[in-house]
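S.K.: Turn this into a structure:
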Amino acid sequence: MSVSPSSLSPLSGLSGRSDLSRSVIVTRLRAVGCVFAEDEAELLLSTARTPADLAAMVDRRVAGLPLEHVLGWAEFHGLRIAVDPGVFVPRRRTEFLVGQAVALARQATATVARTARAVVVDLCCGSGAVGAALGAALDRVELHAADIDPAAVRCARGNLAPAGGRVYEGDLYEPLPLTLRGRIDVLVANAPYVPTEAIGLLPPEARLYEPLVSLDGGADGLDVQRRVTAAAPQWLAPGGHLLVETSERQAPRTVEAFADNGLIPRVVSCDDLNATVVIGTRPAVAPVGERHGR
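M.R.: Got it, this is the predicted structure:
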């Protein structure tokens, strides 16, 4: 569950106008294994507009749909992100990736003119949660995002609109404007990194209701990451950064891929969120051999 009721204001009296009291909802949710049944009941009550809405939402949740798909939104990095049915649900651990990207984007603009905007691209953007969080956190940003899934692109366009972000449909870099080549300060790619054989071990909420393309990272989970990494130096500005979320176990191979493609890698992690991010920096000055065209 990615959302929290702490900042919400439940609709007064809704449970009194419905046969579904808070206690009944909690009981139904517990019966199907919802660990945070009380919190989920509060969220359902606060989101439903009518008793009929509430009944339908509870039924969908009891049937196994992800809570965020039932609510139509997820709380992420202090924002309410719209999440349409069939779109990848942003994970709380990815907030750590956002924090790292925000810090690097601010560094990029601190060394240039005060009016300069950081150029930020969110690949494999899904709902656009990462891009939306970056747009909200940064004062000046030129924001772009891309995803191969049409449903995700539609969802992301709505979520990135407040930040003036542009969202493109296509495979990784393919749909991006060529004018971005060599200009990107911060490139975030929350690419799928679950090994194919491990997909069957995922919770049913993910396995059954999220698109496979957003989960399956190939035989070792790193197929998409390698493709992102191989082309990144062509798109990053000198001194620009690529950030990818991965697992602690996979991080050494991600680091190797970064180094093989000329990026300077480092690994950062957050125990509280069980998050691991690999950051690769394009050297600000090309190696001597490259500068002389060798």
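S.K.: Counting by contacts, list what the longest helix along the chain packs against.
M.R.: Counting residues, the longest helix found in the chain (DSSP state H) is helix 94-110. Helix 94-110 sits against strand 118-123, helix 129-137, strand 184-189, strand 236-246, strand 264-270, strand 275-281, with contacts defined as 3 or more Cβ pairs under 8 Å, 6 or more residues apart in numbering; DSSP states H and E. For glycine as for every other residue, the C-beta is placed from the backbone atoms N, C-alpha and C.
S.K.: The fifth one pairs with which strands?
M.R.: Next to strand 264-270 in the sheet, as set by DSSP bridges, lie strand 275-281 (antiparallel).
S.K.: now the angle between strand 184-189 and the partner strand, please.
M.R.: For strand 275-281 against strand 184-189, the angle by axes from the mean of the first three to the mean of the last three Cα atoms, to 10 degrees is 150 degrees.
S.K.: Give me the mean pLDDT for strand 275-281.
M.R.: For strand 275-281, mean pLDDT is 98.
S.K.: Equivalent analysis for stretch 180-189, please.
M.R.: Here the average pLDDT along stretch 180-189 is 97.
S.K.: Now do the SS call for Asn159.
M.R.: helix (DSSP: H, G, I helix; E, B strand; the rest coil).
S.K.: Equivalent analysis for Asp171, please.
M.R.: Under three-state DSSP, Asp171 comes out as coil.
S.K.: does it really touch Asp149, like I thought?
M.R.: No: between Asp171 and Asp149 there is no contact, the gap being 10.5 Å when judged by Cβ atoms under 8 Å.
S.K.: Name the residue in the two with the higher neighbour count.
M.R.: Asp149 (19 against 12; other Cβ atoms under 10 Å).
S.K.: Could you check how far the residue nearest to that one when sequence neighbours are not counted is from Asp147?
M.R.: Leaving aside its sequence neighbours, Asp149 sits nearest to Pro211 (Cβ to Cβ, 6 or more residues apart in numbering; 5.5 Å). Computed as Cβ to Cβ, to the nearest Å, the Pro211 to Asp147 distance reads 10 Å.
S.K.: any idea where the helices of this protein begin and end?
M.R.: Using DSSP H, helices in the chain cover 22-31, 37-47, 51-62, 67-71, 94-110, 129-137, 150-160, 204-209, 223-235, 251-260, 288-291.
S.K.: out of everything not next to it in sequence, what's closest to Val228?
M.R.: Ala189 (4.6 Å).
S.K.: try Ser247
M.R.: Once flanking residues are discounted, Ser247 sits nearest to Thr276: 6.0 Å by Cβ to Cβ, 6+ apart.
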